[in-house]
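Asker: here is my input; please provide its structure:
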Amino acid sequence: MLISEEIKDQNLIATTCKNTPNYRLCINTLQADRGSAAADVAGLGLIMVAAVKEKSKEALSTVNKLLVKSGSNPKKALQQCRDAYKAVLEGDVPEAEQSLRGNPKFAENGMADVAVEADSCEAAFGGKSPLTVVNKA
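Answerer: Prediction:
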């Protein structure tokens, strides 16, 4: 790749990430994916959606493991988290994937809902969540 093309690609990533709520997370996520160098804005969006999908799968897996171990202690909160991350994986992520090449506003809405779901999971514990690290990711 020519140096000018590489600079152009980095500028697109930086410009795109400046329009997100978490610039540093966006930059780190996109730069970690080799495909971002050649991606257009929609392609960068798809990379971010794929990252959200993977983190949501990890969160759901953690929730399921905690449910098995929890007995009845924070079970209701864990079930709320399980429902939240299922909604992300079954609704928000597919909507974002389909919308990025068509109407990106729907993709933006779906990804914004992911943050709402993670926050609701965190809040379900009333301050002592065993999922804080997962929810922030």
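
Asker: any idea which residue is closest to the centre of this protein?
Answerer: The chain has residue 52 as the residue nearest its centroid, 2.5 Å off, counting by CA atoms, centre = their mean.

Asker: got any ranges where this structure has weak pLDDT?
Answerer: 1-10, 70-73 (pLDDT under 70).

Asker: what number of residues lie near residue 118?
Answerer: Neighbourhood size, residue 118 [other CB atoms under 10 Å]: 23. C-beta here means a position set from N, CA and C on the backbone, and glycine is covered the same way.

Asker: tell me which helix or strand it sits in.
Answerer: helix 104-123 (DSSP states H and E).

Asker: which strands and helices lie in contact with the helix or strand just after that helix?
Answerer: Sequence-wise, the next helix or strand downstream of helix 104-123 (DSSP H and E) is helix 132-136. Under the contact criterion of 3 or more CB pairs under 8 Å, 6 or more residues apart in numbering; DSSP states H and E, helix 132-136 touches helix 41-70, helix 104-123.

Asker: the residue nearest to the centre of the chain is in contact with residue 88, isn't it?
Answerer: Yes. Between residue 52 and residue 88 there is a contact under CB atoms under 8 Å: 7.5 Å.

Asker: got any residues that touch both of the two?
Answerer: Residues touching both residue 52 and residue 88 by CB atoms under 8 Å, 6 or more residues apart in numbering: residue 114.
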